[in-house]
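J.: sequence plus the predicted model coming up.
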Amino acid sequence: MSGTRRLLGVVMDPIESIVPSKDSTLAMMLAAQNRGWTLIYLTQNDLCVQDGIALGRGAELSVADDPERWFELRDAWTGRLDELDVILMRKDPPFDMEYVYTTYILELAEMRGAMVVNRPASLRDINEKAYTCWFPDYVPRCLISREQHELKQFLEREGKIVVKPLDGMGGKSIFVVSSGDPNTSVILETMTDNGNCFALAQQFIPEIADGDKRILLIDGEAIDYALARIPAPGESRGNLVVGARGEGRELTARDREIAAAVGPTLRDKGVVFAGIDVIGDYLTEINVTSPTGIRELDRSFDLTISDELLDAIDRRLRLA
C-alpha cells in the first residue's frame, strides 16, 4: 500500500442519492481517504472548459462507512482539473451525449497530465453491450441492427432471444422474446424507435437462472471471485436494482479464460477498472463506465478490492 499523498477527484452522481452499503464509488473513496489522499467531489454540473482549459468547481469531501451519514462536504475547491493527480469518472449511464461531452472535458485534463480512470477515449469507444463483439470466441450468438425484419429472422432462428438497448444500465428496457410472442413487433418497434436506433439481440442463455456473474478486473487482471446476480422469481434479469439476489462465487476455469482474453485489451486501452458479465459460458457485457460489486465481494470474501485498485492507480502514476 502506497503512502504517497494524492489529490483525487471523483466525478459522480449526487452523493446524497447513493446507497452506501452497495456503492463501489464510496468504497473507493473510503480506501483513498484511509491512505491519506485528499478527496475532491465533482458532478457534471461542476465541470467546464474555458479557453481550452478543463476546470472544476467542487468541494473537498470526507466519507464514512455509516449508512446514516456517509459524507460531509468541506471547503469549496475550484481549479484546473489537471491539478488533480487522479480523476475517477464514476458517473452512471445512460451513455448519452451529455456523458460524451463530459469525457471531452476529462480528456482535456488528461492531455495536461491528470490520470483519468477510466481513460476518456475508451469510455467513448467501449460500448458496454456492443464491445463484446470484439471477442467473438466468447460471446453468444448476437445481432446488432435497426431493421426489424433482421431481428425477427434472428428470433426465428434462435427461438428465444434477449433484446437490449445499447445505452442502458441496470436491466432497463431488456426484453426476453420467444418465437410466436404476439408482442414481438411492438417490442422491436420500441427498441429500434421504428428503425431509427440500433438494438442488440442475443441468444437466450438458460443459465441465467443460475446467475449473471459480474467479474471485476483491475488493470486487466480478474479478482478471484465473482458476484453472481440471481434473478428474482418470475424475472429474467440478473440486476440487483431490479431485485436479483447477489451471491459470491469463485471464478470457474471458463470465467478465467474469458477474463484472460478480455483483460489485456482493456488494460492497453487505459481501462484500470472494469466489470465483465458472464452468463453460463458466455461473455454478455463489458462494463467500463461505473462498474459495481466491490462492497458485496469485499463482505463475502474479506477482500479489499478498492485498495487493489488504488495500488494499480499508484503504479501507473509512478510509471508516468
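T.: That came through, no problem.
J.: assess the claim that Lys22 and Leu297 are in contact.
T.: No - applying CB atoms under 8 Å, one finds Lys22 not in contact with Leu297, separated by 11.4 Å. Every residue, glycine included, has its C-beta placed from N, CA and C.
J.: so which of these two has more stuff around it?
T.: More crowded of Lys22 and Leu297, by other CB atoms under 10 Å: Leu297, with 24 against 16.
J.: what residues are up against Asp13?
T.: By CB atoms under 8 Å, 6 or more residues apart in numbering, the contact set of Asp13 is 43, 90-92.
J.: beta partners of Lys164?
T.: Leu200 (DSSP bridges).
J.: just checking, it touches Gln202?
T.: Yes - taking CB under 8 Å as the definition, Lys164 is a contact partner of Gln202 at 7.4 Å.
J.: report the set of residues contacting both of the two.
T.: Counting by CB under 8 Å, 6+ apart, no residue touches both Lys164 and Gln202.
J.: could you flag which of the contacts of Asp13 are buried?
T.: 43, 90-91 (16 or more other CB atoms under 10 Å).
J.: can I see the domain layout of this structure?
T.: The domain map for the chain lists 7-122+309-319, 141-204, 207-287, with the assignment taken from automatic domain parsing.
J.: as a whole number, average confidence for stretch 106-123?
T.: Stretch 106-123 shows a mean pLDDT of 98.
J.: same check, this time on stretch 17-34
T.: 97.
J.: what helix or strand is the residue nearest to Tyr282 when sequence neighbours are not counted on?
T.: Among residues not flanking Tyr282 along the chain, Pro140 sits closest, at 4.5 Å (CB to CB, 6 or more residues apart in numbering). Here Pro140, judged by DSSP states H and E, is contained in no helix and no strand.
J.: what is the burial count for Ala228?
T.: The burial count for Ala228: 20, using other CB under 10 Å.
J.: correct me, but it touches Ala209?
T.: No - counting by CB under 8 Å, Ala228 stays clear of Ala209, with 11.0 Å between them.
J.: the bottom helix or strand of this protein by mean pLDDT?
T.: Between all helices and strands in the chain, the lowest mean by mean pLDDT, DSSP states H and E belongs to strand 245-250, at a mean of 92.
J.: which residue, other than its chain neighbours, is closest to Asp298?
T.: Ile305 (5.8 Å).
J.: give me phi/psi at the one you found?
T.: Backbone torsions for Ile305, taken as degrees, to the nearest 10, come to phi -60, psi -40.
J.: from Thr184, how far out is it?
T.: Per CB to CB, to the nearest Å, Ile305 is found 41 Å from Thr184.
J.: with Ile174 instead?
T.: 15 Å.
J.: Val163: how many residues sit nearby?
T.: 23.
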